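Visitor: Provided below are the primary sequence and the corresponding predicted coordinates.
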Amino acid sequence: MRKSFVTAVLSLIAFCANAQIRLVDAGDGTPVPAASVFVEGGKCAGVSGEDGSLPLPADYKGRVAVHHINYVGKEFVVDTVAGSTVRLTPYTYTIPEVTARYERPDYMVISAYVRNYIIVDSVPSSFRHGSFDFYVPMSKGRIRRKVRFLQILRADGVTEDDVLGNYCSQDWAKLKKHTLLDRFRNKGFLNDSSLSGIVDRGWKGVVWGMRNDTVAKTLTVYADSAFMEGNGFNVNLFGLKMRFNGMKFGETYDVSAGMPTLANLLCKYDYLDLSLKLPGKKNKFRRGEEFGEFFVTGIRYATKDEMKAAIKDKTPEPATVPQGVPPLGTPLADAVNKMK
C-alpha cells in the first residue's frame, strides 16, 4: 500500500514537472532563455525564463509561436509536445570577411540592422526598424551613428505621444564601446573558454551566464533577471509609478579565431518588462514589454574624412530587411503588417 502511494506521488510530481514546457538547444540540450512567446490571438505571453521555461497561461493547450535571435523560430501546439521539451535549431550567422584598406584607420564601421517592437498589455503596439552604420573610434571618442533607413509603424489607436511606448523605446538602436563581453572579461569568466552555464549571480536575482557553441564556434554572454518572481522594484516620480518586472540582454560573438572583441560581434538582444501607472486614482497599471534585436551585417574601416562625409550625406535608402536576418514569428509579423 505504501509503495503504491509513493509511486502515485512520484508520478504526480513528474506530471507537474512535465507540464512546464521548456525550450532547449537542439544540439546540446541547454536551456534557451529570452525567447518571445506568442499564443493564439497574437498575444504575447512574455519570454522564456533562464531555465527555458515558457510563461504560458494556466491550462493553456493551444498553439504557441516562439522567436529568439539565435534560433530558427518555431510554432507548435501545447498538447503535441513530447516530454514537455521543445528543441530549437540554432540560427547560423555569416558576415563578409573584413579587408583592411588602411594601415591606421580612424574608425571601425559596424553596419547593422536593428529592430524594436513594443507589446502593451500583451498586444503588439509598435514596431520600428532600420539600417545603421556605427563609427567606432579606434582610440578615444564617442561612437557616431549614420541612419541609412528608419521606419516606424504603430497599431491603430497608438500615437507618437503614447507615454508607455516612449518610455520603453528611449535607448534603442545604439551601440556602446563598453559591452557585456567586457564585464565578463574583467570578471575573469572568459579565462575558461569551454565554460557554459550560470557564472555569477547579482542584485535582485539577476544571473549572469554564457554559452559556448563548439559547433557554430560562437560565444553568447547574457544577463537574465528574476524580477518576475517578486524581486522587482518600484519607482514613484511625482505620482508616476513604475514597476520594473524584468530585464534580459545578451550578445553573441564569433570565436572561430580565438577570444572575441567588439569586431567579432554577430548579434545582440535586450528585453525590458515594466508596468506604468499615470497619476490619478482612476488610472491602472499597464504592462509594457520592449524587445530589441541588433544584427551585424558588415564590418569595415574608415578615415575621419570618410566618416564626416557619410554622416553629412542624408540620402535615404529603401526600407528593406537584409538577407540573413531571421524573420519575425508569424503572430508578430501579422500584427506588424496591419500597422501604419
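Guide: Arrived safely, thanks for sending.
Visitor: Next, Pro90: phi, psi?
Guide: Main-chain dihedrals, Pro90, degrees, to the nearest 10: phi -60, psi 140.
Visitor: Show the low-confidence segments of the chain, by residue range.
Guide: For the chain, residues meeting the criterion pLDDT under 70 lie at 1-19, 99-100, 170, 193, 204, 226-232.
Visitor: And for Leu328, the neighbour number?
Guide: Leu328 is flanked by 22 other residues according to other CB atoms under 10 Å. C-betas here are computed from N, CA, C, even on glycine.
Visitor: where's stretch 208-228 relative to the chain centroid, distance-wise?
Guide: 12 Å (CA atoms, centre = their mean, to the nearest Å).
Visitor: now swap in stretch 78-88 and tell me
Guide: Taking mean C-alpha positions (CA atoms, centre = their mean), stretch 78-88 and its chain are 22 Å apart.
Visitor: buried ones in it?
Guide: Val78, Ser84, Val86, Leu88 (16 or more other CB atoms under 10 Å).
Visitor: Just those residues: which are in helices?
Guide: Counting by DSSP state H, no part of those is found in helices.
Visitor: Just the closest of those residues to Gly298, please.
Guide: The nearest member of the buried residues of stretch 78-88 to Gly298, counting by CB to CB, is Leu88 at 26.4 Å.
Visitor: Quote the end-to-end distance of stretch 173-191.
Guide: 31 Å (CA to CA, to the nearest Å).
Visitor: Tell me the buried residues in it?
Guide: Applying 16+ other CB under 10 Å to stretch 173-191 flags Ala173, Leu175, Thr179, Leu180, Leu181, Phe184, Arg185, Phe189, Leu190 as buried.
Visitor: Sitting in helices, which of these do you find?
Guide: Leu180, Leu181, Phe184, Arg185.
Visitor: where's the third one relative to Cys44, distance?
Guide: Shown here: Phe184 relative to Cys44, a distance of 29 Å by CB to CB, to the nearest Å.
Visitor: now the second one
Guide: When CB to CB is applied, the distance between Leu181 and Cys44 equals 29 Å.
Visitor: Strands - which of the buried residues of stretch 78-88 land there?
Guide: If you go by DSSP state E, the buried residues of stretch 78-88 have Val86, Leu88 in strands.
Visitor: Arrange the ones in helices among the buried residues of stretch 173-191 in TSV, one row each, with distance to Lys140 as further columns.
Guide: Compiled in TSV, these are given as follows (distance: CB to CB, whole Å):
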residue	distance to Lys140
Leu180	21
Leu181	20
Phe184	23
Arg185	20
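Visitor: from these, which is closest to Thr297?
Guide: Leu181 (19.4 Å).
Visitor: What residues of stretch 25-43 count as buried?
Guide: By 16+ other CB under 10 Å, the buried positions in stretch 25-43 come out as Asp25, Pro31, Val32, Pro33, Ala34, Ala35, Ser36, Val37, Phe38, Val39, Gly42, Lys43.
Visitor: Grab the nearest non-local neighbour of the fifth one.
Guide: Once flanking residues are discounted, Ala34 sits nearest to Lys248: 4.4 Å by CB to CB, 6 or more residues apart in numbering.
Visitor: The one you found is in contact with Val47, isn't it?
Guide: Yes. Counting by CB atoms under 8 Å, Lys248 touches Val47, with 6.5 Å between them.
Visitor: Between these two, which contacts overlap?
Guide: Pro33, Ala34, Tyr271 (CB atoms under 8 Å, 6 or more residues apart in numbering).
Visitor: quick one: secondary structure of the second one?
Guide: In this case it means Ala34. coil (DSSP: H, G, I helix; E, B strand; the rest coil).
Visitor: where's Asp51 relative to Glu289, distance?
Guide: From Asp51 to Glu289 the distance is 20 Å (CB to CB).
Visitor: Which of those two has more residues huddled nearby?
Guide: The neighbour count for Asp51 versus Glu289, taken as other CB under 10 Å, is higher for Glu289 (24 against 13).
Visitor: Contacts only, for the more buried one.
Guide: Contacts of Glu289 by CB under 8 Å, 6+ apart are Cys44, Gly46, Val47, Ile118, Ile119, Val120, Cys168, Tyr271, Leu272, Asp273.
Visitor: Could you do Asn264 as well?
Guide: Asn264 touches Tyr253, Asp254, Val255, Ala257, counting by CB under 8 Å, 6+ apart.
Visitor: For the buried ones among those, write the corresponding ChimeraX selection.
Guide: Buried subset of the contacts of Asn264, written as a ChimeraX selection, criterion 16+ other CB under 10 Å:
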select :253,254,255
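Visitor: thinking Phe189 is in contact with Met210, fair?
Guide: Yes. Assessed by CB under 8 Å, Phe189 is found in contact with Met210 at 6.5 Å.
Visitor: Look up how far Lys340 lies from Leu262.
Guide: Distance from Leu262 to Lys340, by CB to CB: 36 Å.
Visitor: More neighbours: which of the two?
Guide: Between Leu262 and Lys340, counting by other CB under 10 Å, Leu262 is the more crowded of the two (20 against 8).
Visitor: Can you tell me how far the residue lying closest to the more buried one once chain neighbours are set aside is from Phe294?
Guide: In space, and not counting its chain neighbours, Leu262 is closest to Thr179: 6.2 Å by CB to CB, 6+ apart. Going from Thr179 to Phe294 by CB to CB gives 11 Å.
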